[in-house]
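Engineer: model the following, please.
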Amino acid sequence: MIDPRAVVDPAARLAPDVTVGPFSIIGAEVEIGAGTWIGPHVVIQGPTRIGRDNRIYQFSSLGEIPQDKKFGGEPTWLEIGDRNTIREFVTMNRGTAQDAGLTRLGDDNWIMAYVHIAHDCVVGNRTIFANGASLAGHVHIDDDVVLGGFALVYQFTRMGMHSFCGFACGVHRDVPPYVTVAGYRAEPHGINAEGLRRRGFADEEIQVIRRAYKVIYRTNLRLEEALDKVREMAVECPRLHILADFLATPSRNGIVR
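Structural biologist: Below is the predicted model:
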């Protein structure tokens, strides 16, 4: 399953059925799980752990040292889960000692061409990153988030579950769950209603989430007051606990508002 033109370090640990295409390079501290397919001209350096049934396309660079001037060769890691699709020219860097030392991509993600995931980023499950989307260092992307093409997410920023970012958008503050943002400087533009329908949310739940959005963004309430209202609404719609918990979490950059 390993093309004879590939270069695989003897110390790398590959499951027996891993496929490695021609001219790919696999470094010494790399572990790759069963069923994973690696196309031609891919470079994977370690320490990197990749799970099962991933598809990694040509010219991707995974597990290279972080693009951080403070990096001094400390042992840091890249971890990729299961069933991810990683398209052409994607770059993912390892973490730094200034954070947890780990960059992580979860399961079932769809990562399109030219995406960059920088050091110390944590990406959840079932996300979609369109072509050219880029994460700066220390970004957290929760489950079921969608980034439009060429979206840029500023360092130490978080995007909550089921949020949606439009194309060529600059996300400089945290985006709460369910919220859609767009614009060169990201601004809120309602909730991600279509995405919620596709993921099985009932119409009644979507209506309550829309009302919670209006409490946060269409009233003159301070954030603390809006949070209290959202918590009251969560009694009717448990889906809002995700939103309330997000708003209650201390934020380095504040939320988009």
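Engineer: on the three-state scheme, the nearest residue to Thr219 once chain neighbours are set aside is what?
Structural biologist: With Cβ to Cβ, 6 or more residues apart in numbering as the criterion, Thr219 has its nearest non-adjacent residue at 7.0 Å, and that residue is Ala226. For glycine as for every other residue, the C-beta is placed from the backbone atoms N, C-alpha and C. Using DSSP: H, G, I helix; E, B strand; the rest coil, the secondary structure recorded for Ala226 is helix.
Engineer: if I pick Ala226, what's in contact with it?
Structural biologist: Residues near Ala226 by Cβ atoms under 8 Å, 6 or more residues apart in numbering: Val215, Ile216, Thr219, Leu247.
Engineer: drop anything exposed from those.
Structural biologist: Buried by 16 or more other Cβ atoms under 10 Å: Val215, Ile216, Leu247, out of the contacts of Ala226.
Engineer: let me know the closest of those to Ser134.
Structural biologist: Closest to Ser134 out of the buried ones among the contacts of Ala226 is Leu247 (26.1 Å), distances taken as Cβ to Cβ.
Engineer: kindly indicate whether that closest one is helix, strand or coil.
Structural biologist: Here Leu247 is recorded as helix under three-state DSSP.
Engineer: Tyr178 is in contact with that one, correct?
Structural biologist: No. When contacts are counted by Cβ atoms under 8 Å, Leu247 is not listed as touching Tyr178 (11.6 Å).
Engineer: okay, the nearest residue to Gly73 once chain neighbours are set aside: pLDDT?
Structural biologist: Of all residues not flanking Gly73 in the chain, Ile65 sits nearest, at 7.9 Å (Cβ to Cβ, 6+ apart). At Ile65, the model reports a pLDDT of 98.
Engineer: got a list of what Ile65 touches?
Structural biologist: Shown in contact with Ile65 (Cβ under 8 Å, 6+ apart): Gln45, Phe71, Gly73, Asn93, Arg94.
Engineer: what's the answer for Ile117, then?
Structural biologist: Each residue near Ile117 by Cβ under 8 Å, 6+ apart is listed here: Val90, Thr91, Met92, Asn93, Thr103, Leu105, Ile111, Val123, Leu135.
Engineer: from Val122, how far out is the first one?
Structural biologist: Spelled out, it's Val90. Distance of Val90 to Val122, given as Cβ to Cβ, to the nearest Å: 17 Å.
Engineer: go through the contacts of Ile65 and say which is closest to Phe150.
Structural biologist: Minimum distance to Phe150 across the contacts of Ile65 is 19.2 Å, recorded for Asn93 (Cβ to Cβ).
Engineer: tell me which residues form a beta bridge with the closest one?
Structural biologist: Under DSSP bridges, the beta-bridge partners of Asn93 are Glu64.
Engineer: do I have it right that it meets Leu105?
Structural biologist: No. Using Cβ under 8 Å, Asn93 is not in contact with Leu105, being 11.6 Å away.
Engineer: would a markdown table of the contacts of Ala226 with distance to Asp3, secondary structure and pLDDT be doable?
Structural biologist: Below are the contacts of Ala226 laid out as a markdown table (distance: Cβ to Cβ, whole Å; DSSP: H, G, I helix; E, B strand; the rest coil; pLDDT from 0 to 100):
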| residue | distance to Asp3 | secondary structure | pLDDT |
| --- | --- | --- | --- |
| Val215 | 57 | helix | 97 |
| Ile216 | 53 | helix | 97 |
| Thr219 | 60 | coil | 95 |
| Leu247 | 50 | helix | 97 |
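Engineer: let me know the closest of those residues to Phe167.
Structural biologist: Ile216 (24.0 Å).
Engineer: isn't that closest one up against Arg257?
Structural biologist: Yes. Ile216 is within contact range of Arg257, at 7.3 Å (criterion: Cβ under 8 Å).
Engineer: now the common contact residues for those two.
Structural biologist: Joint contacts of Ile216 and Arg257 (Cβ under 8 Å, 6+ apart) are Leu223.
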